[in-house]
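>>> Just the structure for this:
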Amino acid sequence: MSTQQVWPGGVRGADPRLGGSVLPGLVDAHVHLGLVDHRGLVSSPVVEVHDLGWVPGSRAGWAADLGPGVRVKAAGPFHTAPGGYPQGRVWAPEGSVRPVTDAHDVTASVDAAVAGGAHTLKVTMHTGGPMLSPPLLHMLVQAAHAAGLTVSAHAEGAGRALAAFRAGIDVLVHTPWTETLDDATLAAMAGRMTWISTFAIHDDPARSVALDNARRFIAVGGRLRYGTDMGNGPTPVGVNTAEILALGRAGLEGEALLSALTGVTSSSSPGPDRLLHSHLPPPRTAQDCAVWFSTARRLDVALAEVLPR
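Reported below is the predicted structural model:
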């Protein structure tokens, strides 16, 4: 049997030296490496992680621990109003929260994010505690965009997801789970926002609300990414099969599902160091993907470089 080299865009080729199939590795778009033994990711099917809130400067140590096989992107600290979430939480160490009070703080925060190599600027909008005022939030978003950064938001509570959209925020780091969004709001969001899944951290009824929002968001063209919130409770360090299965329940399958899991689209191609091999055939459903990624292994780079494309 020849190997099918598959990713969004279809089958790219075959090689008679292997059986099964080749896919890009998993990209987990929401993790907190400071809350787990991140060394467990070495040689795992996860080839890239996006840390969404921790002490500035932590990325270099994580990257050194994980080596070249796991690309690490990091947002740096949580940006919020003084006393806002997650300030004061036992799991949030000193320096992981950056208060923003005025225009000077906005400029300083964005400059620090750029200097620190942040891949996005993380803000929190958590009902029940202090939050950035709408004008200050809008100012922060505009400044980040001007500096070439996206803005990602933890939006929790009634009206918070819509407020994030109106402020120009690019990414919701959790699929909205605290309220059901109306169809018009979802259609507007689908044209501009990306959502990260994180379904498996919830129990019902919150998980059902999130899945319902996601199904309707996807149906109107919204983009959903695989993210586990690794570190939030007893989440696995590596493949999260519950999260993959939940993506299927949200309505993803085939190329759309693979794109959500790997970050690879029909117009992009992963490097040879980001490929996995399994003796299983190419997966199509979430159930297939849960098994495929759980049993896959890193593809030898020398072999990957000669596979036909």
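>>> what about the residue nearest to H119 when sequence neighbours are not counted, which SS state?
In this structure, H119 finds its nearest non-sequential neighbour in K73, 3.9 Å apart by Cβ to Cβ, 6 or more residues apart in numbering. In this view, the C-beta of every residue, glycine as well, is placed from N, C-alpha and C. Here K73 is recorded as strand under DSSP: H, G, I helix; E, B strand; the rest coil.
>>> can you tell me how far K73 sits from D28?
Per Cβ to Cβ, to the nearest Å, K73 is found 10 Å from D28.
>>> cool, and L41?
Taking Cβ to Cβ as the measure, L41 falls 9 Å from D28.
>>> Please apply the same query to G248.
Distance from G248 to D28, counting by Cβ to Cβ: 17 Å.
>>> The two: who's more crowded?
Relative neighbour count places D28 above the other of G248 and D28, with 29 against 16, counting by other Cβ atoms under 10 Å.
>>> Beta-bridge partners for the more buried one, please?
V49 (DSSP bridges).
>>> picking that back up, would you confirm that the residue nearest to H119 contacts E48?
Yes. The pair K73 / E48 is scored as a contact, 7.1 Å apart, by Cβ atoms under 8 Å.
>>> Between those two, which has more neighbouring residues?
E48 (21 against 18).
>>> got the contact list for that one?
E48 is in contact with G25, L26, V27, D28, V70, R71, V72, K73, G263, R274, counting by Cβ atoms under 8 Å, 6 or more residues apart in numbering.
>>> Next, give phi and psi for A60.
Here is the backbone geometry of A60 (degrees, to the nearest 10): phi -60, psi -40.
>>> so what sits against both of L41 and D28?
Joint contacts of L41 and D28 (Cβ under 8 Å, 6+ apart) are V49.
>>> Name the nearest of the contacts of E48 relative to R59.
Within the contacts of E48, proximity to R59 (Cβ to Cβ) peaks at V72, which comes in at 5.7 Å.
>>> burial of the closest one, as a residue count?
Neighbour number of V72 under other Cβ under 10 Å is 22.
>>> in the protein, which spans are helices?
Under the criterion DSSP state H, helices of the chain are mapped to 59-66, 103-115, 134-146, 160-166, 183-190, 206-219, 241-249, 254-262, 286-295, 301-304.
>>> how far is the longest one from where the chain is centred?
Averaging C-alpha coordinates over helix 206-219 and over its chain gives two centres that are 17 Å apart (Cα atoms, centre = their mean, to the nearest Å).
>>> and that helix, what does it pack onto?
Applying 3 or more Cβ pairs under 8 Å, 6 or more residues apart in numbering; DSSP states H and E, one finds that helix 206-219 makes contact with helix 183-190, strand 223-225, helix 241-249.
>>> Kindly report the same for the third one.
Packed against helix 134-146, as judged by 3+ Cβ pairs under 8 Å, 6+ apart, are the following elements: helix 103-115, strand 120-126, strand 150-156, helix 160-166.
>>> out of everything not next to it in sequence, what's closest to I196?
Leaving out its chain neighbours, the residue that sits closest to I196 by Cβ to Cβ, 6+ apart is G227, at 3.6 Å.
>>> quick revisit: just so I know, which of the helices and strands packed on helix 134-146 lies nearest L137?
Nearest of those (Cβ to Cβ): strand 120-126, 6.9 Å.
>>> just to revisit the earlier point, reformat the helices of the chain as TSV; add mean pLDDT and distance to T124.
Formatted as TSV, the helices of the chain follow (pLDDT from 0 to 100; distance: least, Cβ to Cβ, whole Å):
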stretch	mean pLDDT	distance to T124
helix 59-66	97	20
helix 103-115	98	13
helix 134-146	98	11
helix 160-166	98	10
helix 183-190	97	19
helix 206-219	98	18
helix 241-249	98	22
helix 254-262	95	24
helix 286-295	97	30
helix 301-304	57	39
